[in-house]
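**Student:** what follows is a predicted structure for the sequence shown.
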Amino acid sequence: MAPSVPHPMAPVALRVVLAAAAALALTVALVVAWQAGETWLGLVAMASAAAVLVFCSADPKTVLLQLALATLTLDVSVALFSGKPPGMYLFVSDLFAAGYACLWLAEKAMRREGLHFPRLAGLAFAYLGFLWLSVAYSHYPMHGIFLAIAYTKYILLFAVLADDLRTARQFRAVLHALAVALAANCVLAFVQLVTQSPLGMQGTKGSTIGVDLVFDSGMSAFRPSGLTGHPNTLAGFLTMVLPPLMVFVLLGRRAVGARFWPALALLAAGIAALVTTLSRGGWIALGVAALFIVAMLLRERLMRPGRAVALAALCAIGALLGAAVYPEAVQRLLSSDDGSTQARLLMIDQALLIVRQNPLLGVGLGGYVEAARDATPSSFSHVSPEFQEGVRKQVAHNKYLLTAAENGLAGLALFCLLIWHIVRQFFRVREWRDPGAYAFALGLTAAVLGQLVFFLFDHFYADVRVQILWVYAALLLALARQQSVAAGRA
């Protein structure tokens, strides 16, 4: 990567403002936490440590970015407006992200530098505008407003990151923060698996649906969720953060250096955690990402064919050992799944019916559940009324069909165009002059491609999985721009 650019010491006045704001926020939080319980007292302690870290750092903006990404999966929030899901919540990572964005804007003002939003950012804001417009005709406008606010948060962070990320030091900071988030989720997932308990904290919104499974054989399985609140969400997070690690490990110790062994350990722990989530969609998504990575490394002659064959054999041996150690994974593939597959097929029929009834613009953002009350496909006649009612309370577990149902075929086309432009960032660079940047971009692109497959099996409505997708879009954009600048200087 390009050499790091030392960050100038933050002005004294800015440090004073940060310290005063942190002191005020912590005072209020401490008063609230004193009556709220141990969880919030622990969070206040962590926030105090974070405030000290930010204040003492020569680069508080980057530290805030790291804290925002490291806590991205922490499903602890305060309800700003409750009511029917999803509601409006303030998450821990939102506070750090807001501080990061404020410092970014302050730097812009001090340097008298304009905003540099690329073409992809313009397309992202057009998609955001379309979502807000769809709220106007939504079958449940309040639900749509909450979702639109969440997407606004994601896309604003994307725009700030796309403008701000320029140096190797920043990219390394992002990698380290995601590694911390991965490690924390793996540790908690294994603790949850051992205790057979979600170990919920105050302020979490975790769901119990699909957490405990009972198979035809009589074997039962508990699915850990880490910090995310649900096993499928944890699987989505893991399939996003593991591909970049996979690239660095496959490149080998000579290319990666001392970071090889920590990367290998995190990769192994992450794969093990993914297996225990029992998310079949997650397994398929990571498999697709891995195949893409191997194909690209073979194409660029960064991996010998013999090594790829050895890797395939190693994966087969690992799968057999995993089946012996954790037979629940085999049961998940071969046994009944408590009606999960049947419910998903019924949701597909229901979503297709809603699309046929509202083909162009859909039923509006957040309007799916309300529209589902009156959408009854013929396949519903084969199940009990109780099963039907359970299906109607959920959204289609297919991101493409959900988008088409709520935003119509026009919204689906815009969404697919946006994803295509995100993936295109990797391929539009004709020559990657920096091997480290190439490896990082390859892992990010593989992760996004894996999610395109995962979209077929889950809804990805508005949670950490969608937010990380936008973070990756910004990273890919920034890495591609870095290579274009390097090529221009050559």
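**Tutor:** Thanks, I have the structure now.
**Student:** and residue 121, what is it in contact with?
**Tutor:** Shown in contact with residue 121 (C-beta atoms under 8 Å, 6 or more residues apart in numbering): 158, 159, 162, 477. C-beta coordinates here come from the backbone N, C-alpha and C atoms, glycine included.
**Student:** can you mark which positions in the host helix or strand of it are buried?
**Tutor:** Here residue 121 sits within helix 119-135, counting by DSSP states H and E. For helix 119-135, a neighbour-count test (16 or more other C-beta atoms under 10 Å) marks 120, 121, 124, 125, 127, 128, 130, 131, 134, 135 as buried.
**Student:** quick check: closest non-adjacent residue to residue 97.
**Tutor:** Nearest non-adjacent residue to residue 97, counting by C-beta to C-beta, 6 or more residues apart in numbering: residue 68, 4.1 Å away.
**Student:** list the contacts for the one you found?
**Tutor:** Residues in contact with residue 68 (C-beta under 8 Å, 6+ apart) are 93, 96, 97, 100, 157, 177.
**Student:** again, only using 7 Å
**Tutor:** Neighbouring residues of residue 68 by C-beta atoms under 7 Å, 6 or more residues apart in numbering: 93, 96, 97, 100.
**Student:** now the first one, what's its secondary structure?
**Tutor:** With DSSP: H, G, I helix; E, B strand; the rest coil as the basis, the three-state label of residue 93 is helix.
**Student:** wait, doesn't it sit right on residue 73?
**Tutor:** No. Between residue 93 and residue 73 there is no contact, the gap being 8.3 Å when judged by C-beta atoms under 7 Å.
**Student:** those two: who's more crowded?
**Tutor:** Neighbour totals were compared for residue 93 and residue 73, and residue 73 leads with 29 against 22 (other C-beta atoms under 10 Å).
**Student:** can you give me the helices in the stretch 51-200 of the chain?
**Tutor:** Applying DSSP state H, counting those that start in this stretch to the stretch 51-200 of the chain gives helices spanning 60-70, 92-111, 119-135, 141-164, 168-195.
**Student:** which of those sits most buried?
**Tutor:** Highest mean neighbour count of the helices of the stretch 51-200 of the chain: helix 60-70, a mean of 24 (counted as mean count of other C-beta atoms under 10 Å).
**Student:** gap between the helix holding residue 121 and the chain center?
**Tutor:** The chain centre lies 20 Å from the centre of helix 119-135; the measure is C-alpha atoms, centre = their mean, to the nearest Å.
**Student:** now stretch 380-392
**Tutor:** Relative to where its chain is centred, stretch 380-392 has its mean C-alpha point 31 Å off (C-alpha atoms, centre = their mean).
**Student:** list the buried residues for it?
**Tutor:** Buried-residue list, stretch 380-392, by 16+ other C-beta under 10 Å: 380, 388, 391, 392.
**Student:** tell me how far the second one lies from residue 378.
**Tutor:** So that's residue 388. Distance, residue 388 to residue 378, using C-beta to C-beta, to the nearest Å: 12 Å.
**Student:** go on, the last one?
**Tutor:** Summarising the geometry, the distance separating residue 392 from residue 378, computed by C-beta to C-beta, is 15 Å.
**Student:** how about the secondary structure of the most far-flung residue of the chain relative to its centre?
**Tutor:** Distance from the C-alpha centroid of the chain peaks at residue 381, with 36.7 Å (C-alpha atoms, centre = their mean). Classification of residue 381 using three-state DSSP returns helix.
**Student:** residues in contact with it?
**Tutor:** Counting by C-beta under 7 Å, 6+ apart, residue 381 has no contacts.
**Student:** cool, and residue 407?
**Tutor:** Residue 407 is in contact with 130, 134, 361, 362, 365, counting by C-beta under 7 Å, 6+ apart.
**Student:** tell me the secondary structure at the fourth one.
**Tutor:** Three states are possible here, and by three-state DSSP the one that applies to residue 362 is coil.
**Student:** just the last one next, same as before
**Tutor:** Following three-state DSSP, residue 365 is assigned to coil.
**Student:** contacts only, for it.
**Tutor:** 131, 134, 135, 138, 144, 147, 148, 406, 407.
**Student:** now those residues in TSV, with pLDDT and distance to residue 286?
**Tutor:** Formatted as TSV, the contacts of residue 365 follow (pLDDT from 0 to 100; distance: C-beta to C-beta, whole Å):
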residue	pLDDT	distance to residue 286
131	97	29
134	96	32
135	95	34
138	94	34
144	93	32
147	93	27
148	95	31
406	96	28
407	97	28
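**Student:** from those, which is closest to residue 444?
**Tutor:** residue 131 (24.0 Å; C-beta to C-beta).
**Student:** if we can go back for a sec, so which of the contacts of residue 407 is the closest to residue 250?
**Tutor:** The shortest approach to residue 250 among the contacts of residue 407 belongs to residue 130, at 38.9 Å (C-beta to C-beta).
**Student:** show me what contacts that closest one?
**Tutor:** Contact partners of residue 130, counting by C-beta under 7 Å, 6+ apart, are 407, 411, 414.
**Student:** what about the nearest residue to residue 140 once chain neighbours are set aside, how many neighbours?
**Tutor:** Among residues not flanking residue 140 along the chain, residue 370 sits closest, at 4.5 Å (C-beta to C-beta, 6+ apart). Neighbours of residue 370 under the rule other C-beta under 10 Å: 16.
**Student:** residue 229 versus residue 370, what's the distance?
**Tutor:** Taking C-beta to C-beta, one finds residue 370 at 24 Å from residue 229.
**Student:** cool, residue 324 as well?
**Tutor:** Separation of residue 324 from residue 229 (C-beta to C-beta) stands at 30 Å.
**Student:** what about stretch 382-397, how long is it end to end?
**Tutor:** Start-to-end span of stretch 382-397 (C-alpha to C-alpha, to the nearest Å) is 20 Å.
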